[in-house]
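**Q** Give me a model of this one.
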Amino acid sequence: MDRLKDGDTLCHGDFHPGNILLSNGHPMVIDFMNVCHGDLFYDVARTVFLVEYTPVPADADGRKHLCDIRKRWQTYILSK
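**A** Now for the predicted structure:
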């Protein structure tokens, strides 16, 4: 991330599937506590890092479903 340009894009700073809620069938992004500005790819790189390296707790409700979503997300990101 040190190699990214300074940029002036509004970045979420903590974008991952856990910060997306569905309301009346429409996605809503929440948790803007880490909002910043910089290069667009900062959010992309941080999201890849969070999805790849944050473990799903063994006792999480719907753990299998969460792991399946994570695997699909990783497969999608790696295919780009």
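
**Q** The top helix by length along the chain packs against which elements?
**A** Of all segments of type helix in the chain, defined using DSSP state H, the longest is helix 63-79. With contacts defined as 3 or more CB pairs under 8 Å, 6 or more residues apart in numbering; DSSP states H and E, helix 63-79 has these neighbours: helix 40-53. (Glycine included, C-beta is placed from N, CA and C.)

**Q** Counting neighbours, which bits of the helix it packs on end up buried?
**A** For helix 40-53, burial by neighbour count (16 or more other CB atoms under 10 Å) applies to Phe41, Tyr42, Asp43, Arg46, Thr47, Val48, Val51.

**Q** now do stretch 59-70
**A** So for stretch 59-70, counting by 16+ other CB under 10 Å, buried means Arg70.

**Q** Run through who's touching that stretch.
**A** Pro17, Val51, Val56, Pro57 (CB atoms under 8 Å, 6 or more residues apart in numbering).

**Q** would you list the residues you listed in JSON lines and tack on distance to Asp31, pLDDT and secondary structure?
**A** Shown next, in JSON lines, are the contacts of stretch 59-70 (distance: CB to CB, whole Å; pLDDT from 0 to 100; DSSP: H, G, I helix; E, B strand; the rest coil):
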{"residue": "Pro17", "distance to Asp31": "12", "pLDDT": "79", "secondary structure": "helix"}
{"residue": "Val51", "distance to Asp31": "15", "pLDDT": "81", "secondary structure": "helix"}
{"residue": "Val56", "distance to Asp31": "18", "pLDDT": "84", "secondary structure": "coil"}
{"residue": "Pro57", "distance to Asp31": "18", "pLDDT": "86", "secondary structure": "coil"}
